[in-house]
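Novice: Compute the structure for the input listed below.
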Amino acid sequence: MIEPTYDDLREKLQAASIEGINPSDPMIYFHHLHDFMFARFRQERPVHYCTHSDFGPFWSITKYRDIVEIESNPEVFSSTGGFTIVDIPQNPTARSFMTMDPPEHREVRQAVTPLASLNSLRTLENVVSALVSETLDQLPLNEPFDWVSRVSVEISIKVLAVMMGVPQSDSSRLQKWSDLAATIPQPGAKVADLQSYYQELQECRTYIESLCNEMTGRTDLFNILSMLVNSRQSRSLSRDEVFLNILILLLAGNDTTRHSLTGGALFLEQNPDQQALFYSSADLLNSFVSEVIRYQTPIAHMRRTAKSDVDFHGHSIKKGDKVILWYVSANQDEDEIETPERFLINRKEHDHHLAFGHGPHRCIGKNIALLELKLFWAEMARRKLKVRTLSPPERLKSCIVNGYSSLMVRLEAQA
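Specialist: Residues are numbered from 1 along each chain as shown. I've put the predicted structure just below:
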């Protein structure tokens with residue numbers, strides 16, 4: 001099958017009736033045409049029903065305030081049907097906290113929230129700083145290399161290994177499993193079907209179970225695995241449920257930082273005025289990081305499932321319908337964010353975005369992701385290192401993870 005070019009796909013999206021567009025088409029994200037597409041949705045059909053896709057029919061919610069409204073109403077819009085557009089068969093006796101609603105969701109989530117506490121972040125700061133310095137020390141100056149593999153992947157997965165309680169020597173295995181967890185099983189992909197997907201994950205499960213056995217009863221350890229195995233809130237979890245929760249945290253904990261690290265390098269070079277502002281204004285670090293995450297929006301969507309028939313702004317959503325919350329659209333909503341199409345690192349309300357979600361399922365690792373990005377870019381500024389891209393980035397073919405597989409760059413040290 002011949003894949004469409006950027007020009008072919010843009011022309012198709014422009015000419016198609018709004019009813020006929022399938023926003024889950026992975027090629028739209030591969031060609032970075034999702035902003036163009038969702039601008040049409042927000043203007044013409046902010047609540048959109050797609051009748052045909054590889055994932056079945058689904059509703060798309062594309063406006064900021066509509067997503068907040070749905071995320072704030074788990075009694076009607078439930079997480080129990082799944083958290084992405086992919087229909088993975090649910091085991092009623094083994095679920096992750098991502099497919100739970102309050103109050104059950106809150107109980108399991110509280111098992112690992114201490115890892116994102118202020119005391120934990122102070123401890124983690126030293127670890128992350130050391131990993132950042134080590135990574136930058138090993139990069140060549142004025143020579144081409146792949147930013148994604150040498151920087152984004154390297155830092156995000158090594159920090160995640162620390163948080164999980166996994167030896168650094170096994171961090172590459174975590175990366176393989178994280179990539180697998182983000183894969184949509186489909187013909188022609190690395191994983192063609194759900195059966196193959198589960199078989200590939202069995203190696204991960206065996207490894208995680210072995211670590212869990214080692215950590216059982218070890219309340220002196222301060223990591224995610226130990227907390228899930230030993231905490232009072234999660235003591236009732238089966239090993240199936242522990243593994244599912246670890247898999248979710250592995251996916252979420254890696255992708256946000258990884259793709260934001262790449263996005264930050266890309267956005268700075270694409271916006272020379274903002275790059276100059278960043279390197280001359282250390283007090284803009286917090287707003288810079290927030291703007292990178294908003295502008296990138298690494299997790300493109302989350303899903304809810306209607307628990308009952310509901311009229312939502314004039315649209316009849318039926319019980320069991322799949323409802324997709326497009327964060328990647330909400331963060332470009334003109335009615336909510338001033339000049340959202342611009343990358344501006346000095347926004348006054350820089351935290352006003354939905355890249356971390358909203359409501360009960362707001363990203364549990366938000367503060368850890370922010371810490372990683374702040375420490376990395378603070379060190380880049382201290383060393384006066386600037387990224388020069390050598391070619392356009394290669395993007396992922398995914399409507400779930402909005403990110404990159406490669407970005408060839410050259411690193412330059414400023415006088």
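
Novice: Where does the prediction get shaky in the chain?
Specialist: Flagging of the chain using pLDDT under 70 yields the residue ranges 1, 89-95, 111-119, 182-194, 196-197, 233-236.

Novice: Just give me the longest helix of it.
Specialist: helix 239-270 (DSSP state H).

Novice: can you list contacts of the helix or strand following it?
Specialist: Downstream of helix 239-270, the first helix or strand assigned by DSSP states H and E is helix 272-280. For helix 272-280, contacts defined as C-beta atoms under 8 Å, 6 or more residues apart in numbering pick out 267-269, 284, 288, 343-346, 377, 381, 384, 386, 414. For every residue, glycine as well, the C-beta is placed using N, CA and C.

Novice: If we use 7 Å, what do you get?
Specialist: 268, 269, 284, 288, 343, 344, 345, 346, 381 (C-beta atoms under 7 Å, 6 or more residues apart in numbering).

Novice: returning to what we had before: which helices and strands sit right next to the longest helix of the chain?
Specialist: If you count contacts as 3 or more C-beta pairs under 7 Å, 6 or more residues apart in numbering; DSSP states H and E, helix 239-270 packs onto helix 153-164, helix 171-181, helix 194-215, helix 224-230, helix 272-280, helix 285-296, helix 366-383, strand 385-389.

Novice: What is the neighbour count of residue 204?
Specialist: Number of residues near residue 204 (other C-beta atoms under 10 Å) recorded here: 20.

Novice: Now it. Nearest residue, chain neighbours left out?
Specialist: Among residues not flanking residue 204 along the chain, residue 177 sits closest, at 4.2 Å (C-beta to C-beta, 6 or more residues apart in numbering).

Novice: right, and the one you found touches residue 250 too?
Specialist: Yes: the criterion here is C-beta atoms under 7 Å, and residue 177 meets it with residue 250 at 6.3 Å.

Novice: Same drill for those two, tell me which one is more crowded.
Specialist: Each of residue 177 and residue 250 has its neighbours counted (other C-beta under 10 Å); residue 250 has more, 25 against 21.

Novice: show me what contacts the closest residue to the more buried one other than its chain neighbours?
Specialist: Setting aside the residues directly before and after it, residue 250 is nearest to residue 178 in space (C-beta to C-beta, 6+ apart), at 5.1 Å. With contacts defined as C-beta under 7 Å, 6+ apart, the neighbours of residue 178 are 157, 250, 251, 254.

Novice: how far away is the residue nearest to the last one when sequence neighbours are not counted from residue 317?
Specialist: The shortest distance from residue 254 to any residue other than its chain neighbours is 4.3 Å, reached at residue 178 (C-beta to C-beta, 6+ apart). Look at residue 178 and residue 317: by C-beta to C-beta, to the nearest Å, they are 33 Å apart.

Novice: Check residue 371 too.
Specialist: Distance from residue 371 to residue 317, by C-beta to C-beta: 38 Å.

Novice: Repeat that for residue 368.
Specialist: On the measure of C-beta to C-beta, residue 368 and residue 317 end up 34 Å apart.

Novice: In the stretch 51-200 of the chain, mark out all the strands, start to finish.
Specialist: 58-61, 77-78, 144-146 (DSSP state E, counting those that start in this stretch).

Novice: Pairing partners for the first one, with directions?
Specialist: Paired strands of strand 58-61, with direction, are strand 47-50 (antiparallel), strand 322-326 (parallel) (DSSP bridges).

Novice: could I get the ones you listed as JSON lines with mean neighbour count and distance to residue 311?
Specialist: As requested, those are arranged in JSON lines below (neighbours: other C-beta atoms under 10 Å; distance: least, C-beta to C-beta, whole Å):
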{"stretch": "strand 47-50", "mean neighbour count": "18", "distance to residue 311": "11"}
{"stretch": "strand 322-326", "mean neighbour count": "24", "distance to residue 311": "13"}
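
Novice: just how off-centre is stretch 139-155 within its chain?
Specialist: 21 Å (C-alpha atoms, centre = their mean, to the nearest Å).

Novice: what's across from the residue positioned nearest the centre of the chain in the sheet?
Specialist: Among the residues of the chain, the one closest to the centroid is residue 299, at 3.3 Å (C-alpha atoms, centre = their mean). Taking DSSP bridges as the rule, residue 299 bridges to residue 401.

Novice: With residue 60 instead?
Specialist: In this entry, residue 60 is beta-bridged to residue 48, residue 324, by DSSP bridges.

Novice: For it, give me its contacts.
Specialist: For residue 60, the contacting residues are 23, 41, 48, 50, 324, 326, by C-beta under 7 Å, 6+ apart.
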